[in-house]
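Peer 1: Provided below are the primary sequence and the corresponding predicted coordinates.
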Amino acid sequence: MFFLHLANLRQRIHHIVFVAAISLSAWPTFSAHAADSTDYSVVGRWKLTAALDAADITSLDEREAKLLVGSTLRISKEQLQLGKRICSTPDFEAERVEPRLYLRERYHADSDHLGLPNPVTIVHLDCTSAFVKNPNHLVVFWDGWFFDAVKLKR
């Protein structure tokens, strides 16, 4: 009887350890909210090429968002400018996140229409954020909308 109890206890311990190991190995994928680094790769001039999707709450309607397509977003180490709006002192804190979970939690938005890699690097720019698709391609969050942006050559 004692050995039966001991075998059952061992089985339970192995199960708990297995579940804990699986949970911990998946944790970085689901929770990457601390800033990993500073990322200046987004510095430059970017053309907004498409209004991809809106968050659940936005300050622009679809017509207003489409009017921003074709605009130039200027990002420097000192400021960010889109149209007449200027945001001072962007911090350029970057982190790698799982887009589906991060967008749902932080933006109340869906990542399906954004074409983001997984994981994706997000660079926080004080008044907005930029998701880096590749060195010449961003998804920029602006006033509740996600815009496709391509880097302009000098």
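Peer 2: Nice, I can see it.

Peer 1: show me the shaky parts of the protein.
Peer 2: For the chain, applying pLDDT under 70 flags the ranges 1-36.

Peer 1: let's see it at 50
Peer 2: Along the chain, the model assigns pLDDT under 50 to residues 2, 4, 6, 9, 15, 17-34.

Peer 1: centre-most residue in it?
Peer 2: Nearest to the mean C-alpha position of the chain, by C-alpha atoms, centre = their mean, lies Ile122 at 4.4 Å.

Peer 1: give me the element that one is part of.
Peer 2: strand 120-124 (DSSP states H and E).

Peer 1: return the residues in contact with the residue nearest to the centre of the chain.
Peer 2: Counting by C-beta atoms under 8 Å, 6 or more residues apart in numbering, Ile122 touches Ala94, Glu95, Arg96, Val97, Tyr102, Ser129, Ala130, Phe131, Val132. The C-beta positions use only the backbone N, C-alpha and C, and glycine is treated the same way.

Peer 1: work out for me the element the last one sits within.
Peer 2: This points to Val132. In this structure, Val132 sits in strand 129-134 according to DSSP H and E.

Peer 1: can you list contacts of that strand?
Peer 2: By C-beta under 8 Å, 6+ apart, the surrounding residues in contact with strand 129-134 are 39, 41-42, 75, 99, 114-117, 120-123, 138-141, 149.

Peer 1: closest one of the contacts of Ile122 to Gln81?
Peer 2: Ala130 (13.8 Å; C-beta to C-beta).

Peer 1: next secondary structure after the strand holding Val132?
Peer 2: Per DSSP H and E, the first helix or strand lying C-terminal to strand 129-134 is strand 137-142.

Peer 1: for that following strand, name the packing helices and strands.
Peer 2: Counting contacts by 3 or more C-beta pairs under 8 Å, 6 or more residues apart in numbering; DSSP states H and E, strand 137-142 is packed against strand 44-54, strand 129-134, strand 145-151.

Peer 1: how about 10 Å then?
Peer 2: Contact here means 3 or more C-beta pairs under 10 Å, 6 or more residues apart in numbering; DSSP states H and E; on that basis strand 137-142 packs against strand 44-54, helix 62-68, strand 72-75, strand 79-82, helix 99-107, strand 120-124, strand 129-134, strand 145-151.

Peer 1: ok, that strand: who's next to it in the sheet?
Peer 2: strand 129-134 (antiparallel), strand 145-151 (antiparallel) (DSSP bridges).
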